[in-house]
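# here's my sequence, what's the structure:
(chains A and B)
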Amino acid sequence: MRVRFAPSPTGALHVGGARTALFNWLLSRGAAGELVLRIEDTDRERSTPENVGQIFEALEWLGIDYDGEPVFQSANAPRHAEVIERLISGGHAYRSTAGPDEVRAWREAHGNQGFRGADEGAGAVRLRVPDAGVTIVRDVIRGHTEFENALQDDLVIARADGTPVYHVAVVVDDLDAGITHVVRGADHYSNTPKQLLILEALGEPAPIYAHVPLLHGPDGRKLSKRHGAASVQELRDAGYLPEAVRNYMSLLGWGMADNDESFFTTQELQREFSLERVSRSPAVFDERKLRWMNGRYVRELAVADLQARLEQRLGRELRRDVVAITQEKISTLDEFWPLTAFFVDGPADDPAAREKILGADGASAALTAARAALAGLREWTLPAVEEALRDVAEREQIKPKHLFQPIRVAIVGTTVSPGIFESVAVLGREETLARIDAALCGA
RNA sequence: GCCCCCAUGGUGUAGUGGUAGCACGCGAGAUUUUCAUUCUCGUAGCGGGAGUUCAACUCUCCCUGGGGGUACCA
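Have a look, this model is predicted:
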């Protein structure tokens, strides 16, 4: 078995394309030599180093490793030219100057039958399509479908300038690479008979096809930028974890039998995956579920691991204890900084919170009592802080909420933060007392 | 226009010729110092119409809806 992933070099790795890559990778079982990466770039316009580099990065981030060096389709041009020449000399193709207008006119005049041209010795190269019979697409996911040859136009396989068209390029490249399984998006389904026709003219066998359903946005339309994150780069930038993305994407258009859980390790995925179980209908990409799943993955990370990822993402050193007290409160990496910036940037400026909490009856008294208790602490540890503060609440007959919220606003600036005892413990004696004093002053 | 594909709650899916399970979401409750987390309960579905059958969500056909293709794009 040999599968390939062949994205077009537009730079952004679409999540639909990423899912196809994932399926290919799972199908190859990650075995060496089984997954080849090819850049479809017959027109060469888009395969700039930047664009291609971005795709490599996205794939690497996702954890999908292909085998060996990626192949650039354009590099295979001589081979394509040779095949096209062969088709012409074998009588399977001819040169024609007919353009879209002629083709349309022909169809109108022939009851919508496919265009059939004559050899003019110049122009683009068109494949001769049989007038009768059917071309059968056999697809692991969709079963057999017959396409009538009579309806198919003699398709262009090379432009007038001699450059091959995509359909020839893929077919030839797959053949040369010994590809046995072609797993791609369903948008290629209707084009498959064309490739089969080329294969037939070449006298070569067809690979096994599997067309996976497309991904849609919440509005049921094809997933695009206006739906938010539509590329894996955007997912990464939004703070999702690659393993969560991988897990979530594997669930789109695919389900395990006899398994009600939706969490899979990569090993389980590798073991259980089968093309036969891939769904035929398009799936809607639901970022809320991804977010939920990502939160689960975040919480299962070792603190040191989470810290490393956050540091890498934020480009700054982070305190382990800060990461630890935040872990269960964030569902994406993105949510970390807003929740903990107060540790290094000082209290946030939230007048509404100050007014509401610090301005409340008894807030100052509560703060004062808390300050005194904290100031008297012999050692500044989480248990000590917690004991002291709970003690104040009990002794002063203050509802916990009415004691803790003022402290929170005093040190954080807003009403949302990690646990109050944890925050105080991590902030340290000096800073905590200073911030409480400042709050008392302001009030 | 023509060709092709698809159709289980809002979303992702499981499933069987005898009416549906799981997960997200959503709602309610519990825990709770905020936000979260966690736990409990609940909500909601086989697009429509014929046909086959004792019986269809499951098989067939039609319709509707959605999607894809129809390039000298990939």
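
# how long is stretch A:418-435 from one end to the other?
Separation of the first and last residues of stretch A:418-435 by Cα to Cα, to the nearest Å is 17 Å.

# under the pLDDT cut-off, which ranges of chain A? List them.
A:43-44, A:257-260, A:443 (pLDDT under 70).

# my guess is A:R313 contacts A:L333. True?
Yes. Counting by Cβ atoms under 8 Å, A:L333 is a contact partner of A:R313 at 5.3 Å. C-betas here are computed from N, CA, C, even on glycine.

# more neighbours: which of the two?
A:L333 (21 against 16; other Cβ atoms under 10 Å).

# pretty sure that one contacts A:E311?
No. Using Cβ under 8 Å, A:L333 is not in contact with A:E311; the gap is 10.5 Å.

# re earlier: which residues are common contacts for A:R313 and A:L333?
Listed as contacting both A:R313 and A:L333 by Cβ atoms under 8 Å, 6 or more residues apart in numbering are A:G239.

# list of residues touching stretch A:384-395?
A:366, A:369-370, A:373-374, A:376-378, A:398-400, A:403-404, A:407, A:420-421, A:424-425.

# now it: how far from the chain's centre is it?
Relative to its chain's centre, stretch A:384-395 lies at 47 Å (Cα atoms, centre = their mean, to the nearest Å).

# what does stretch A:187-200 give?
Counting by Cα atoms, centre = their mean, stretch A:187-200 comes out at 28 Å from the chain centroid.

# do the same with stretch A:191-207
32 Å.

# cool, stretch A:96-107 as well?
Using Cα atoms, centre = their mean, the offset of stretch A:96-107 from its chain centre is 41 Å.

# show me which of the contacts of stretch A:384-395 are buried.
A:366, A:369-370, A:373-374, A:398, A:403-404, A:407, A:420-421, A:424-425 (16 or more other Cβ atoms under 10 Å).

# would you list every one of the helices in the stretch 301-443 of chain A?
Under the criterion DSSP state H, counting those that start in this stretch, helices of the stretch 301-443 of chain A are mapped to A:303-314, A:320-326, A:336-345, A:351-353, A:363-375, A:382-395, A:400-412, A:420-427, A:429-442.

# would you list those helices in TSV and tack on distance to A:H188?
Output for these, formatted as TSV (distance: least, Cβ to Cβ, whole Å):
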stretch	distance to A:H188
helix A:303-314	35
helix A:320-326	44
helix A:336-345	40
helix A:351-353	54
helix A:363-375	65
helix A:382-395	58
helix A:400-412	53
helix A:420-427	53
helix A:429-442	60
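
# can I get those in a markdown table with distance to RNA strand B?
Converted to a markdown table, the helices of the stretch 301-443 of chain A look like this (distance: least, Cβ to the nearest atom of the strand, whole Å):
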| stretch | distance to RNA strand B |
| --- | --- |
| helix A:303-314 | 14 |
| helix A:320-326 | 9 |
| helix A:336-345 | 7 |
| helix A:351-353 | 9 |
| helix A:363-375 | 12 |
| helix A:382-395 | 7 |
| helix A:400-412 | 4 |
| helix A:420-427 | 4 |
| helix A:429-442 | 14 |
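
# relative to A:V278, which of these is closest?
helix A:303-314 (30.9 Å; Cβ to Cβ).

# contacts for the closest one?
A:239, A:241, A:298, A:301, A:317-318, A:320, A:323-324, A:327, A:333, A:336-337.

# and the gap between A:G30 and A:Q270?
To A:Q270, A:G30 is 6 Å away according to Cβ to Cβ, to the nearest Å.

# just the strands in chain A please.
A:3-5, A:35-39, A:71-72, A:93-96, A:124-127, A:134-139, A:143-148, A:156-158, A:181-185, A:208-212, A:215-216, A:283-284 (DSSP state E).

# keeping just the C-alphas, turn the fourth one into CSV.
Extracted C-alpha coordinates of strand A:93-96, given in CSV (Å, rounded to 0.1, in the frame of the first residue of the first chain):
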residue,chain,number,x,y,z
ALA,A,93,-5.2,12.2,-28.4
TYR,A,94,-5.1,15.0,-31.0
ARG,A,95,-4.4,18.6,-31.3
SER,A,96,-7.4,21.0,-31.6
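
# test my guess that A:A12 contacts A:V52.
No. Using Cβ under 8 Å, A:A12 is not in contact with A:V52; the gap is 11.9 Å.

# list the contacts for A:D161?
Here A:D161 is in contact with no residues (criterion: Cβ under 8 Å, 6+ apart).

# which two among the buried ones among the contacts of stretch A:384-395 are spaced furthest apart?
The widest separation within the buried ones among the contacts of stretch A:384-395 (Cβ to Cβ) is 20.2 Å, between A:I398 and A:A425.

# sorry, back to before: export the strands of chain A as JSON lines, with columns for mean neighbour count and distance to A:H110.
As requested, the strands of chain A are exported to JSON lines (neighbours: other Cβ atoms under 10 Å; distance: least, Cβ to Cβ, whole Å):
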{"stretch": "strand A:3-5", "mean neighbour count": "25", "distance to A:H110": "38"}
{"stretch": "strand A:35-39", "mean neighbour count": "22", "distance to A:H110": "37"}
{"stretch": "strand A:71-72", "mean neighbour count": "18", "distance to A:H110": "40"}
{"stretch": "strand A:93-96", "mean neighbour count": "22", "distance to A:H110": "16"}
{"stretch": "strand A:124-127", "mean neighbour count": "24", "distance to A:H110": "16"}
{"stretch": "strand A:134-139", "mean neighbour count": "17", "distance to A:H110": "18"}
{"stretch": "strand A:143-148", "mean neighbour count": "12", "distance to A:H110": "14"}
{"stretch": "strand A:156-158", "mean neighbour count": "25", "distance to A:H110": "18"}
{"stretch": "strand A:181-185", "mean neighbour count": "21", "distance to A:H110": "32"}
{"stretch": "strand A:208-212", "mean neighbour count": "22", "distance to A:H110": "30"}
{"stretch": "strand A:215-216", "mean neighbour count": "21", "distance to A:H110": "36"}
{"stretch": "strand A:283-284", "mean neighbour count": "16", "distance to A:H110": "40"}
